[in-house]
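In: Fold the stuff below for me.
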Amino acid sequence: MIEIQEILYDEPAIQAKVKELAAQIARDYAGKDLVLICILKGAVMFMADLMRRIPFPVTIDFIRVSSYGMSTTAAREIGVKKDIEIDVRGRHVLLVDTIIDTGETLALLFKRFPEKGPASLEAVVLLDKKPRRTAEVRVKYRGFEIPDLFVVGYGVDCAEQYRNLPYVAAIKTDT
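Out: Next up is the predicted model:
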């Protein structure tokens, strides 16, 4: 069992930020064929809330990216376990993730997606943990910048648990 150290963002704060991000996205993509790609598993809650606030039809799909190897450090191999199923050629693709820390996952996707021929490729994240960045990644839409803390909630897990919390909290770690 983990111990919550501090709630960083409660449900109303998260929903206000999602509304703000959705408004920016709606302005930028008005009249365009927008495809939201949810990075599984963590971005499910964020994408569901985000897409409900975009006032025009969007297409959605899912991609699952996993780390392999015995290491828990940033020097791990990243691979796609489940790719998208729709054709994004000529469409505007927005990668959706709840948190970016090292940036390795988004970096991999930014390298892979151009071969699929999208008209544009951008990313939106709710939480940006810049102190952990090891890969140079452009993120057009950012919610909250967070310090280098281990967080859970709103899709972010610890050993596949706590994703269901309606808030984002820092947890105590054994260090």
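
In: where does this structure dip in pLDDT?
Out: 67-76, 175 (pLDDT under 70).

In: mind checking the longest helix of it?
Out: Counting by DSSP state H, the longest helix found in the chain is helix 11-29.

In: Please write out the alpha-carbon positions of that helix in CSV.
Out: Listed next in CSV are the C-alpha coordinates belonging to helix 11-29 (Å, rounded to 0.1, in the frame of the first residue of the first chain):
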residue,chain,number,x,y,z
GLU,A,11,-10.4,17.1,-9.5
PRO,A,12,-11.7,20.7,-10.0
ALA,A,13,-8.2,21.9,-10.9
ILE,A,14,-7.7,19.1,-13.3
GLN,A,15,-11.0,19.6,-15.0
ALA,A,16,-10.3,23.4,-15.3
LYS,A,17,-7.0,22.6,-17.0
VAL,A,18,-8.6,20.0,-19.3
LYS,A,19,-11.2,22.6,-20.3
GLU,A,20,-8.4,25.1,-21.0
LEU,A,21,-6.4,22.7,-23.1
ALA,A,22,-9.5,21.5,-25.0
ALA,A,23,-10.3,25.2,-25.9
GLN,A,24,-6.8,25.7,-27.3
ILE,A,25,-7.0,22.5,-29.3
ALA,A,26,-10.5,23.4,-30.6
ARG,A,27,-9.2,26.8,-31.8
ASP,A,28,-6.2,25.3,-33.5
TYR,A,29,-7.9,22.4,-35.2
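
In: just checking, what packs against that helix?
Out: Packed against helix 11-29 by the contact rule (3 or more Cβ pairs under 8 Å, 6 or more residues apart in numbering; DSSP states H and E) you find helix 44-52, strand 92-100, strand 120-128, strand 141-145. (Each C-beta comes from the backbone N, C-alpha and C, glycine too.)
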